[in-house]
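S.K.: no letters, just coordinates:
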């Protein structure tokens, strides 16, 4: 019998004994605390071990390297965010009208991606994660656009709405152009309202 | 007196003597031919030297490394594309109505970026170039949106229209999702028509 997994992120960890799982959870909680209070740069294997009250060897056995720890943190946070979209309270989760859900999705995704930017850098090879996360977001946005009655090429429109939420774009807006995050969030909401409101009278090839 | 530069790409090369400039031009032409006919992978310093009928040392003196050559090719091609936007024939260049120019811009940018994707990888550290190219495109799209009478946050809308043209997005669509280029181009045109056609009745914070 195969082990069912709720979310296809990073291929999922192998099954763990429950004490090992608790151990892992405690280490991730300690690392998350450190990230939240001191920033990604401050999170070393030593610091996580000290914070969790275990030996450094335990941290290395669990995550192999600092990059591995960062990838696990990213996975942990992304999974929590996806769970909030799938089954958390509205308007991000189910229960709100589709337009409210879509606006809540963008608002929350901008925050999450900015939070994840440093983790992704620290995790190194992030290609697989980026694509898994993008597939989830694409499916969700396609679903909401269809619920909103949008005609036309919904998969391409969904990609177009997701592209401005990519970390590279957000990073340039916040760090280089110094645009406040709430202005970026309002701008995305404006984009969505325009895309959903308009049904082009004719779609001609350029 | 400072040396005026027409386009702020890669900081520009230092002033060259005219025979050196001709020499450089011939090498870039040879390299461009090789890229067009054999692909980026096939372009070695040896191949470029043989094609241009010069010694390998000359190619190294001009470009230092294969990465340097690739960066020069990229700069060369990007400059030609920017010149076509600024002063080439309509509808990409001036003279066409702003909507036609905007659609021609996207259509052409998708082609150019896909052509540049391999060069950017081969050129290594591409951050500076990517940002310079993005500034040019952002200015151009803002200008056209303003000409089209679009109200609202034009800089953010311009970034939103440019984001789906980023190489990472196009690469995923063409290489992973196997979407044909002309469908991506039609999808961008649809996005633009929706954004321009709709004036949101009220821009509320989400």
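M.R.: Nice, thanks for sending it over. Here the structure is a predicted model, which means the values were calculated and not measured.
S.K.: let's test this: mean pLDDT of stretch A:120-134, rounded?
M.R.: In this model, stretch A:120-134 carries a mean pLDDT of 67.
S.K.: pretty sure residue A:189 contacts residue A:106?
M.R.: Yes - using C-beta atoms under 8 Å, residue A:189 and residue A:106 qualify as a contacting pair, with a distance of 6.6 Å. Just so you know, the C-beta spots here come from the backbone N, C-alpha and C atoms, and that holds for glycine as well.
S.K.: can you pull the phi/psi pair for residue A:44?
M.R.: Per-residue torsions, residue A:44: phi -110, psi 170 (degrees, to the nearest 10).
S.K.: nearest residue to it in space, please, no chain neighbours.
M.R.: The shortest distance from residue A:44 to any non-neighbouring residue, by C-beta to C-beta, 6 or more residues apart in numbering or on different chains, is to residue A:66 (6.9 Å).
S.K.: for the one you found, list the residues it contacts.
M.R.: A:43, A:44, A:45, A:122 (C-beta atoms under 8 Å, 6 or more residues apart in numbering or on different chains).
S.K.: excluding chain neighbours, give the residue nearest to the third one in space.
M.R.: Beyond its immediate neighbours in the sequence, the residue positioned closest to residue A:45 (C-beta to C-beta, 6+ apart) is residue A:59, lying 4.8 Å away.
S.K.: would you map out the domains in chain A?
M.R.: Listed domain ranges for chain A are A:18-64, A:66-197 (source: automatic domain parsing).
S.K.: from the ones you listed, which stretch is densest packed?
M.R.: Burial of those is given as mean neighbour count (mean count of other C-beta atoms under 10 Å in any protein chain shown); domain A:66-197 ranks first at a mean of 18.
S.K.: out of the helices and strands in chain A, which is least certain?
M.R.: helix A:127-147 (a mean of 82; mean pLDDT, DSSP states H and E).
S.K.: separation between the residue nearest the centre of chain A and residue A:115?
M.R.: With distances taken as C-alpha atoms, centre = their mean, chain A has residue A:78 as the residue nearest its mean C-alpha position (4.2 Å). From residue A:78 over to residue A:115 the distance is 10 Å, taken as C-beta to C-beta, to the nearest Å.
S.K.: do residue A:123 as well
M.R.: Applying C-beta to C-beta to residue A:123 and residue A:115 gives a distance of 13 Å.
S.K.: for residue A:92, same thing?
M.R.: Counting by C-beta to C-beta - residue A:92 and residue A:115 are separated by 15 Å.
S.K.: mind naming the longest helix for chain A?
M.R.: Taking DSSP state H as the criterion, chain A has its longest helix at helix A:98-123.
S.K.: that one and chain B in contact?
M.R.: Yes - interface with chain B: helix A:98-123 contributes A:100, A:103, A:104, A:106, A:107 (C-beta under 8 Å from any C-beta of the partner chain).
S.K.: switch those residues over to a markdown table; also include distance to residue A:72 and pLDDT.
M.R.: Below are those laid out as a markdown table (distance: C-beta to C-beta, whole Å; pLDDT from 0 to 100):
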| residue | distance to residue A:72 | pLDDT |
| --- | --- | --- |
| A:100 | 33 | 97 |
| A:103 | 31 | 98 |
| A:104 | 27 | 98 |
| A:106 | 27 | 98 |
| A:107 | 26 | 98 |
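S.K.: what is the nearest of those to chain B?
M.R.: Nearest to chain B out of the residues of helix A:98-123 next to chain B is residue A:103 (C-beta to the nearest C-beta; 3.9 Å).
S.K.: wait, that closest one sits on residue A:190?
M.R.: No - Residue A:103 lies out of contact with residue A:190 (C-beta under 8 Å); the separation is 10.3 Å.
S.K.: mind checking pLDDT for residue A:201?
M.R.: pLDDT recorded at residue A:201 is 44.
S.K.: need phi/psi at the nearest residue to residue A:95 once chain neighbours are set aside.
M.R.: Once flanking residues are discounted, residue A:95 sits nearest to residue A:89: 7.6 Å by C-beta to C-beta, 6+ apart. When read as degrees, to the nearest 10, the backbone of residue A:89 gives phi -70, psi 150.
S.K.: dump the residue contacts of residue A:55.
M.R.: residue A:49 are the contacts of residue A:55 under C-beta under 8 Å, 6+ apart.
S.K.: what are the phi and psi values for it?
M.R.: Main-chain dihedrals, residue A:55, degrees, to the nearest 10: phi -80, psi 160.
S.K.: now do it against residue A:46, distance only.
M.R.: 10 Å.
S.K.: swap in residue A:73?
M.R.: For residue A:73, the distance to residue A:46 - C-beta to C-beta - is 16 Å.
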